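got a structure for you, letters missing:
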């Protein structure tokens, strides 16, 4: 699995960006024994709080892709978010739309390693954690990163998304 193209793309992007984990070591994609399709499953597998999981959610915002990195502890308020970012229609993307814009499948969408950069919002609730965990391109892959580096490597905008 470590040789999966999505995992390699994510690790290469992390290396290129010099992304760091909570211990200030290089952020490295790790494989879990089983796929973790939910924040709760990832948190349990990693032994961390569910709030420290950065869910990568793809939305269709007036037809364009929007990546929202949200804390696993809550849900996105789509109506409030649509208003705050000035879009008329914000809805969860279909699996086909997600794959088209990220090259990855739902449950494994990483914050980076996509064919093209995506407009990204990063949940401010994640800054409460010294280290957050994000998907690494496939449902079994995850990586640790700091909130500051997550913002930096995604060129994301901090946002209250709940």
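Yep, it's here. Please read these numbers as outputs of a predicted model, since none were measured by experiment.

was I right about residue 57 contacting residue 76?
Yes - in this structure, residue 57 is within contact of residue 76 by CB atoms under 8 Å, at 6.3 Å. C-beta coordinates here come from the backbone N, C-alpha and C atoms, glycine included.

Just give the number of residues close to residue 75.
12 (other CB atoms under 10 Å).

OK, contacts around the closest residue to it other than its chain neighbours?
Sequence neighbours aside, residue 162 is the residue nearest to residue 75 in space, at 6.8 Å (criterion: CB to CB, 6 or more residues apart in numbering). With contact set as CB atoms under 8 Å, 6 or more residues apart in numbering, residue 162 has these partners: 70, 71, 74, 75, 76, 77, 123, 125.

list the contacts for the residue nearest to the fifth one when sequence neighbours are not counted?
Using CB to CB, 6+ apart and skipping residues adjacent in sequence, the residue nearest residue 76 is residue 161, 4.9 Å away. Neighbour list for residue 161: 68, 70, 76, 77, 81, 121, 123 [criterion: CB under 8 Å, 6+ apart].

just the strands in this structure please.
Secondary structure of the chain (DSSP state E): strands at 30-31, 53-61, 64-71, 90-92, 119-123, 132-135, 141-145, 157-159.

Mind pulling the model confidence for residue 3?
Residue 3 is assigned 79 on the pLDDT scale.

any idea of the angle the longest helix seen in the chain forms with strand 141-145?
In the chain, with assignment by DSSP state H, the single longest helix is helix 5-17. Note on geometry: by axes from the mean of the first three to the mean of the last three CA atoms, to 10 degrees, helix 5-17 and strand 141-145 are set 10 degrees apart in direction.
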